[in-house]
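Peer 1: For reference, the sequence and a predicted model appear below.
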Amino acid sequence: MNTVTLTIDGQKITVPENYTILQAAKELGINIPRLCYLKDINETSACRICVVEIEGMRTLKNSCTVKVQNNMVVKTNTPRVRKSIQKNLMLLASNHKFDCWKCPRERNCEFLYLLRKYNIDNSMGEDAYFAKKHFITNITDAIVLDSSKCILCGRCVSACQKYAGTGALDFNERGYHTYISSAQNHDLDDSGCIYCGKCIQACPTGALRERDQIDEVLELLSNKEYYTVVQIAPGVRAALGEEFGYPIGTNVEGKLYNALSKLGFDDITDTNFSADVTIMEEGTEFIHRFQDFKNGDKKALPLFTSCSPGWIRYIEQYYPEFLSNLSSCKSPQQMHGALVKHYYAQKINTPKEKIKVVSIMPCIAKKYEAKRPEMEADGVRDVDYVLTTRELARMIRRQDIDFRALEDITPSSPMAKYTGAGAIFGVTGGVMEAALRTVRDILEQKDYTDVDFAAIRGAGDGIKEAQIEIAGTKLTVAVVHGAVNFKEMLERVKQNPGKYAFVEFMACTGGCVNGGGQPILCAEDQENIDIRTERAKAIYNIDAQKQLRKSHQNPVVIELYQEFLEKPGSEKAHKLLHTHYAKKESYSKL
Amino acid sequence: MKFVLEESKVQLLKERIQKHKQKPGPLMPTLHDAQNIFGCIPIEVQKIISEELDESVAKINGVVTFYSNFSTEPKGKHIVSVCMGTACYVKGAKAILDTISDMLNIEPGQTTKDGLFTLENTRCIGACGLAPVFQIGDKVYGNATKDTAKQAIEEILKSEA
């Protein structure tokens, strides 16, 4: 690689010739402000915030896309540059609705940060003549798109294409009338969106956010009419701490349980428990399919996991021909809700109609999943409310709970007992690893002590394949994360009939720890830190420290089958813990 | 007006798309064909293009709504366009536009409920010597007045009655 030498703010630096000015400045520790730039995702130079002066050039240049040249002399912070940035921010502000106190990005809005930094006057926005008057919203069970906060940077559009691979969001119209949404702002639920929430994580403002249910849950907690059971997903404990100043990758499980208790939930349980149950059901389903396959039913495999509701939306909309490969298991969230109401209710002597289940999830698609019509039994909904990790943090702050000062506690509910296998559901490869631990023990009737499957761990490759020998048979398993890789994986399955035995799908790259409901990192941090890996460390630590690391050894799970479900895949298990999926067309409601 | 997908037109569009797909950048020529075949490119048509070209509907719609040559709603049988270029404007094009707008009871960009007329204001059509100018379909009306505009519309109404 050839290098070039240039001067930035009076300092000489030599960098590879394919560097942009922004990258070169970063090497010098010079921080050029930016807004629309999201490394490798959105490099379109749309916002004109990262402009710099280059000697010999008439106009200001976008440092995010202009490449370095030999002997270039760049100035990043001149009065002319500052004036230009201020002008652009002023224009952006005049089209923005400021009700920051109720915006979920109040504390980490990248736009607000710049407005503060440049001390922007918003007289234009306050002038009715200039202020933008027509805004659109698109509200579904999972997501809210609100153009009054949109600055048209296009980061969500690029994230949708590059992370989800669906391209459900794009620009509509042109000029002053431009807005970002589905085609003609068609109902997002019917627009090919899978609710992975990568757009929310890419948005610098609060224009894209989860459908908030904080007020409903606070109401539920205050009126005491119902017995409230809360469940927390594996990924939440690995990320919530970030909202309260802990380093990325800190496991705050103990404080999290305590915060839920302080918020007034009657019973604190853990979705990790039902992740263990999921393994019993899904593992058994795999064993049955594996036997059918060996007996000549070539269509019995591969089995696809069904825990990620974003993946479910993907397969239903884009590859319905594979629905017969999908496990019939509900996700742990839904299993947990069903078990609370139809099993645990009896144990605590409370009628199931008097129980409300609230989930804390790292995911926005879980909100949608909980509202799927089939997610109920005997007319009782499995899960009543779903809050994201971000909403929980907001709720804790709104209730003036000093999170950092909380002591660690351990809930007493049996439905909070889990094994290491349940914990790792939150990372890519985790569901597969948990399933293999149990399936191998059962099929070989052994108790393996080395339970790590390193080949399917890690966030590096979007598709991971491994050969695993179980009971004398070599199985090819695959793990895919990031919806953009689904197509490639499914094409591989199509082209290699009989090759794959078991495939794990997660819609978010890195798995649930990087879910669409997790704390959001600003663009610069996203560029510098691999949050998927950092948060995964917290999860694998929990697993490594657990005495029990295999789902079928969870004593409460064993008890559950003994006294209620009889055995995995039983009629009762099917009624409560399994479901069905169907083809779904997008843009069907015209 | 409710948009109806005619099977013969869908087939024609699909044939054209197969041809365009052999070259890079098939979206624009496809959209031109779609606009000509259907008279507009609503989401129903975008969905077909989406499947054939493996592009998302949102992306296709983004292109369709960006260019004013494409429309997402069916246009009327007669497209009335009043030139609002500089020459026509100073010679009274606005009054002509208003007259037609009042007669048809629609704003520029809209189509009458019976689907007969779409009213548009266009930029210079290169007939400044005849300003002010309006067009109905391919026919150009030069040195127009409120009366000639009224007459032209009335004639069509009569012939369509």
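Peer 2: Thanks, I have the structure now.
Peer 1: tell me which residues in the worst-scoring helix or strand of chain A on mean pLDDT are buried?
Peer 2: None of the helices or strands of chain A scores lower by mean pLDDT, DSSP states H and E than helix A:123-126, at a mean of 90. By neighbour count, and taking 16 or more other C-beta atoms under 10 Å in any protein chain shown as the criterion, the buried residues in helix A:123-126 are A:Gly125. To be clear about C-beta, it is placed using only N, CA and C from the backbone, and glycine gets the same treatment.
Peer 1: which outside residues touch that helix?
Peer 2: Outside helix A:123-126, the residues within contact range by C-beta atoms under 8 Å, 6 or more residues apart in numbering or on different chains are A:Met90, A:Leu91, A:Ala93, A:Ser94, A:Asn95, A:His96, A:Phe98, A:Phe130, A:Ala131.
Peer 1: contacting residues around the second one?
Peer 2: Neighbouring residues of A:Leu91 by C-beta under 8 Å, 6+ apart: A:Met124.
Peer 1: So for the host helix or strand of it, what gets flagged as buried?
Peer 2: Using DSSP states H and E, the secondary-structure element containing A:Leu91 is helix A:79-94. Of the residues in helix A:79-94, those with enough neighbours to count as buried (16+ other C-beta under 10 Å) are A:Val81, A:Ser84, A:Ile85, A:Gln86, A:Asn88, A:Leu89, A:Met90, A:Leu91, A:Leu92, A:Ala93, A:Ser94.
Peer 1: what distance separates that helix from the middle of the whole chain?
Peer 2: Between the centre of helix A:79-94 and the centre of its host chain there is 34 Å, according to C-alpha atoms, centre = their mean, to the nearest Å.
Peer 1: Point out where chain B drops to low pLDDT.
Peer 2: Low-confidence segments of chain B, defined by pLDDT under 70, span residues B:1-2.
Peer 1: ok now the least confident helix or strand of chain A, how far from the chain's centre?
Peer 2: Averaged over its C-alpha atoms, helix A:123-126 has a centre that lies 36 Å from its chain's centre (C-alpha atoms, centre = their mean).
Peer 1: following that helix, which helix or strand comes up?
Peer 2: Counting by DSSP H and E, the element after helix A:123-126 in chain order, helix or strand, is strand A:137-139.
Peer 1: hmm, who's touching the following helix or strand past that following strand?
Peer 2: Sequence-wise, the next helix or strand downstream of strand A:137-139 (DSSP H and E) is strand A:143-146. When contacts are taken as C-beta under 8 Å, 6+ apart, the neighbours of strand A:143-146 outside the stretch itself are A:135-139, A:169, A:180-181, A:188, A:193, A:195, A:197, A:200, A:206-212, A:364.
Peer 1: Now list the buried members of these.
Peer 2: The neighbour-count criterion (16+ other C-beta under 10 Å) marks A:138, A:169, A:180-181, A:188, A:193, A:195, A:197, A:200, A:206-212, A:364 among these as buried.
Peer 1: Out of those residues, which sit inside helices?
Peer 2: Per DSSP state H, helices hold the following members of the buried ones among the contacts of strand A:143-146: A:Ile200.
Peer 1: ok, which of the buried ones among the contacts of strand A:143-146 also contact chain B?
Peer 2: The subset of the buried ones among the contacts of strand A:143-146 lying close to chain B, counting by C-beta under 8 Å from any C-beta of the partner chain, consists of A:Leu169, A:Ser181.
Peer 1: related to what we said a few turns ago, for the helix holding A:Leu91, give the mean pLDDT please.
Peer 2: Per-residue pLDDT over helix A:79-94 has a mean of 96.
Peer 1: Put the alpha carbons of it into CSV.
Peer 2: This file holds the C-alpha atoms of helix A:79-94, laid out as CSV (Å, rounded to 0.1, in the frame of the first residue of the first chain):
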residue,chain,number,x,y,z
PRO,A,79,-14.0,30.3,11.5
ARG,A,80,-15.2,29.4,8.0
VAL,A,81,-15.6,25.8,8.8
ARG,A,82,-17.4,26.5,12.1
LYS,A,83,-19.7,29.0,10.4
SER,A,84,-20.7,26.5,7.8
ILE,A,85,-21.4,23.8,10.4
GLN,A,86,-23.5,26.2,12.4
LYS,A,87,-25.5,27.2,9.4
ASN,A,88,-26.2,23.6,8.5
LEU,A,89,-27.1,22.7,12.0
MET,A,90,-29.4,25.6,12.2
LEU,A,91,-31.2,24.5,9.1
LEU,A,92,-31.5,20.9,10.4
ALA,A,93,-32.8,22.2,13.7
SER,A,94,-35.5,24.2,12.1
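Peer 1: Domain-wise, how is the chain divided?
Peer 2: Because you didn't say which chain, this covers chain A. What automatic domain parsing lists as the domains of chain A is A:3-77, A:102-210, A:214-272+A:334-414, A:279-304+A:311-325+A:417-516+A:543-577.
Peer 1: my bad, chain B
Peer 2: Following automatic domain parsing, chain B resolves into domains at B:7-66, B:78-160.
Peer 1: now the ones you listed as CSV including mean neighbour count and distance to A:Ala573?
Peer 2: What follows is the domains of chain B, written out as CSV (neighbours: other C-beta atoms under 10 Å in any protein chain shown; distance: least, C-beta to C-beta, whole Å):
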stretch, mean neighbour count, distance to A:Ala573
domain B:7-66, 18, 39
domain B:78-160, 17, 58
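Peer 1: Chain A: which of those is closest?
Peer 2: Evaluated over those, closeness to chain A peaks at domain B:7-66, with 3.1 Å, by C-beta to the nearest C-beta.
Peer 1: what's the first-to-last distance across that closest one?
Peer 2: Terminal residues of domain B:7-66 are spaced 27 Å apart (C-alpha to C-alpha, to the nearest Å).
Peer 1: and that domain, anywhere near chain A?
Peer 2: Yes: Domain B:7-66 comes into contact with chain A (C-beta under 8 Å from any C-beta), by way of B:42-44, B:46-47, B:55-62, B:65-66.
Peer 1: For the domains of chain B, give me JSON lines that also has distance to A:Gly241.
Peer 2: What follows is those, written out as JSON lines (distance: least, C-beta to C-beta, whole Å):
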{"stretch": "domain B:7-66", "distance to A:Gly241": "36"}
{"stretch": "domain B:78-160", "distance to A:Gly241": "53"}
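Peer 1: and the closest residue to chain B within the stretch 251-400 of chain A, what is it in contact with?
Peer 2: Nearest residue of the stretch 251-400 of chain A to chain B, counting by C-beta to the nearest C-beta: A:Tyr318, 10.8 Å away. By C-beta under 8 Å, 6+ apart, the residues touching A:Tyr318 are A:Thr166, A:Gly192, A:Phe486, A:Lys487.
Peer 1: Filter those down to the ones in helices?
Peer 2: For the contacts of A:Tyr318, the ones inside helices are A:Phe486, A:Lys487, with DSSP H as the criterion.
Peer 1: from the contacts of A:Tyr318, which are also near chain B?
Peer 2: The overlap between those and the neighbourhood of chain B (criterion: C-beta under 8 Å from any C-beta) consists of A:Thr166, A:Gly192.
Peer 1: Adding neighbour count and pLDDT, write the contacts of A:Tyr318 out as a markdown table.
Peer 2: What follows is the contacts of A:Tyr318, written out as a markdown table (neighbours: other C-beta atoms under 10 Å in any protein chain shown; pLDDT from 0 to 100):
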| residue | neighbour count | pLDDT |
| --- | --- | --- |
| A:Thr166 | 26 | 96 |
| A:Gly192 | 26 | 96 |
| A:Phe486 | 27 | 98 |
| A:Lys487 | 16 | 97 |
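Peer 1: Tell me the one among the contacts of A:Tyr318 nearest to B:Lys21.
Peer 2: Using C-beta to C-beta, A:Lys487 is the member of the contacts of A:Tyr318 that lies nearest B:Lys21, at 18.4 Å.
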